[in-house]
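Asker: structure, please.
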Amino acid sequence: MTTDWTEVARRTARGRRSDELGSPTRPDACMAPPLSETEICEAEAELGIAFPDQYRAYLLRRSAGGAVNRLRRSVAGWGWQGDSDTNYGLLTTAFPHPDSYRAEEEELDARTPSAGDYPDESAYRAAWQQWDAEYEVFQERKTSGAVFIQDNGCGFATLLVVTGPLRGSLWFDGRASCDRILPLQLDGRPVSFVEWLTRHSMDLVGW
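Answerer: Model prediction:
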């Protein structure tokens, strides 16, 4: 059976929460009060995840926001303020290491529709629509199990992995320029959440 990728893309996109939590705040512009243990447990239960230890400690002892997108409860439920990129529908799915989908991406790129392969413009447009929707879903799944914890501007963002074997690690979403998601590292090893808080994300990217 042929997959209707337009419908799959539509369903996948429902996991995002555009503007439901208000506008983002500048890093450190608003040191929101820490959350209580009860609030954190409630957020974890609702989101279906367990926050990485250092991020959880930050929420409990320092702030619900500050240097990161603020975690708070709104009419939409628990979520990160001003973040319209995190897909809440994919939060419980393990974050995939970029190496795991490299071959699939190359195969998808190789299938990019070409007008010369179709009998008419209508058939080409239909094929392109399906391919584009499949590519959209593929890109969305690259950040499964991760929270867009900080907006770095110009389409860049820092990701905190909350699900899967890479849970607790931080990644730089550089797809706006290099089409890659890169690990944040310090001295050749994954940077911890606490270490990352004191540095600028792009200083930790191995371009």
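Asker: how far away from the center of its chain is the strand ranked longest in the chain?
Answerer: Looking across the chain with DSSP state E, the single longest strand is strand 146-153. Strand 146-153 has its C-alpha centroid displaced from the chain centroid by 7 Å (CA atoms, centre = their mean, to the nearest Å).
Asker: and if you look at stretch 117-128?
Answerer: Counting by CA atoms, centre = their mean, stretch 117-128 comes out at 33 Å from the chain centroid.
Asker: model confidence over that stretch, on average?
Answerer: For stretch 117-128, mean pLDDT rounds to 95.
Asker: buried stuff in the longest strand of the chain?
Answerer: For strand 146-153, the neighbour count (16 or more other CB atoms under 10 Å) marks 146-152 as buried. Backbone N, C-alpha and C define where each C-beta goes, glycine included.
Asker: repeat for stretch 46-61
Answerer: Neighbour count says stretch 46-61 has 47, 49, 51-52, 54-56, 58-60 buried, by 16+ other CB under 10 Å.
Asker: can you list the low-confidence ranges for the protein?
Answerer: 1, 18-30, 200-203, 206-207 (pLDDT under 70).
Asker: how about it, which residue sits the furthest from its center?
Answerer: Outermost residue of the chain with respect to the C-alpha centroid, by CA atoms, centre = their mean, is Pro119; its distance is 38.9 Å.
Asker: I'd guess that one is in a helix, am I close?
Answerer: No - Pro119 is assigned coil when assessed by DSSP: H, G, I helix; E, B strand; the rest coil, not a helix.
Asker: phi, psi of it?
Answerer: phi -70, psi -30 (degrees, to the nearest 10).
Asker: quick check: it vs Ala110, distance?
Answerer: 21 Å (CB to CB, to the nearest Å).
Asker: repeat that for Leu71.
Answerer: For Leu71, the distance to Ala110 - CB to CB - is 41 Å.
Asker: those two: who's more crowded?
Answerer: The residue with more neighbours, out of Leu71 and Ala110, is Leu71; 26 against 7, by other CB atoms under 10 Å.
Asker: so the more buried one touches Glu46, yeah?
Answerer: No - look at Leu71 against Glu46 with CB atoms under 8 Å: they stay out of range, at 11.3 Å.
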